[in-house]
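> Predicted model and sequence follow; I will ask about them next.
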Amino acid sequence: MTTRLINWFKYSSPPSFYPLAGKLIPFFAVLAALLCIAGMWIGLFVAPTDAQQGEGYRIIFLHVPASWMSMFIYIVMAFWSAMALVFNTRLSSMMATALAPTGAMFAALSLITGSLWGKPMWGTWWVWDARLTSELILFFLYVGYLALNAAIDDPRRADKACAVLALVGVVNVPIIYFSVQWWNTLHQGASISMTRAPSMARTMLLGMLLMALTAWMYSIAVALYRVRAIMLERERHADWVGELAEVKA
Amino acid sequence: MNWQSPGEFFAMGGYALYVWGSVLACVVCVVGEVVLVRMRRRAILGQLRRQRLADRLELEEHAA
């Protein structure tokens, strides 16, 4: 009997991950574009007008996926940081670092679209409410991570410091998620719950899920693109970098 | 289909500023990030190519 073993560590080294990532990027980018077209079509043309919020609710198709993604990217970033601290693998730190700017962008988008939604519905751009404040803290955590990373010259030390920051900050993610249950907030409750049947129209839900998938595919594509640049920056003196066709060209 | 005319679509039931503002913010952020990450790759590739060229010139100098 043969036991098939997959060598998971094979792709954890930059020389073998770099070409693999390069092959995966177009796939995720095309998928993101197609899902975005489908999601926005449903969101703008198919989904019915909301009974309470009229057409203004259509911001949901951008706001909810951006907010989910900002939280999810942070969890993935913390996961790679933990991996980097435990196994001390080069690639794990690079992955964590590559995700931070994208996470910061989604946190910013969540705050901007949320504010654009809050103005017509609540009558204010901003309120120091638990949900909004904890999301703002998430944005600051991303910015702090990036600033810390940029402030330490030695990449290995920067990786360690950033990994600790990412792990400490991850406590904020469940606070954001459950803030609408734990405290009395102006922000409405969770759009989708694991325990209740969805309360919104089928097409609204479908549009939102398609846009959430778009955010996933986009994030994977852009993070892989960035991690490739980071690999080149950090391993510029390595032989495998000198052998690349794009460097020889 | 919800809309009777293109004008109605762009008016978004009076929420045009907020809905289209959100769309614009997303487009600007995504395009901006893609442009920045491409510039980052181009910068490091340029550096690597120049370094390679410099190394080769140095080797030729030694050989001569």
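All right, it came through fine. Just so it is clear, the model here is predicted, and its values are computed rather than measured. Numbering: from 1, shown residues only, chains lettered A, B, ... in the order given.

> Determine the number of other residues adjacent to residue 31.
The chain I'm using is chain A. Counted with other Cβ atoms under 10 Å in any protein chain shown, the burial measure for A:Leu31 works out to 17 neighbours. Yep, even glycine has a C-beta here, placed from its N, CA and C like the rest.

> The chain in question should be chain B.
Burial measure for B:Val31: 10 neighbouring residues, criterion other Cβ under 10 Å.

> Could you do the one 5 residues further on as well?
As a burial measure, B:Leu36 scores 13 neighbours (other Cβ under 10 Å).

> In space, what's closest to it - neighbours in sequence excluded?
For B:Leu36, the nearest residue in space outside its immediate sequence neighbours is A:Pro101; the separation is 7.8 Å by Cβ to Cβ, 6 or more residues apart in numbering or on different chains.

> thought the one you found was touching A:Leu146?
Yes - the pair A:Pro101 / A:Leu146 is scored as a contact, 6.6 Å apart, by Cβ atoms under 8 Å.

> the more surrounded of these two?
Of the pair A:Pro101 and A:Leu146, A:Pro101 is the one with more neighbours under other Cβ under 10 Å, namely 21 against 16.

> Let me see the confidence value for the more buried one.
Turning to A:Pro101, the model gives it a pLDDT of 97.

> now do A:Ala96
At A:Ala96, the model reports a pLDDT of 95.

> ditto for A:Ile6
We have a pLDDT of 62 for A:Ile6.

> Can you name the residues of chain A sitting close to chain B?
If contact is defined as Cβ under 8 Å from any Cβ of the partner chain, the residues of chain A in contact with chain B are A:44-49, A:54-56, A:58-59, A:62-63, A:66, A:101-102, A:105, A:108-109, A:112-113, A:116-117, A:119-120, A:218, A:222, A:225-226, A:228-229, A:232-233, A:236, A:241-242, A:246-249.

> For PyMOL, write the select line for the buried members of those residues.
Buried members of the residues of chain A next to chain B, identified by 16 or more other Cβ atoms under 10 Å in any protein chain shown, are gathered into one PyMOL selection as follows:
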select buried, chain A and resi 44+47+55+56+58+59+62+63+66+101+102+105+108+109+112+113+116+117+119+120+218+222+225+226+228+229+232+233+241+247
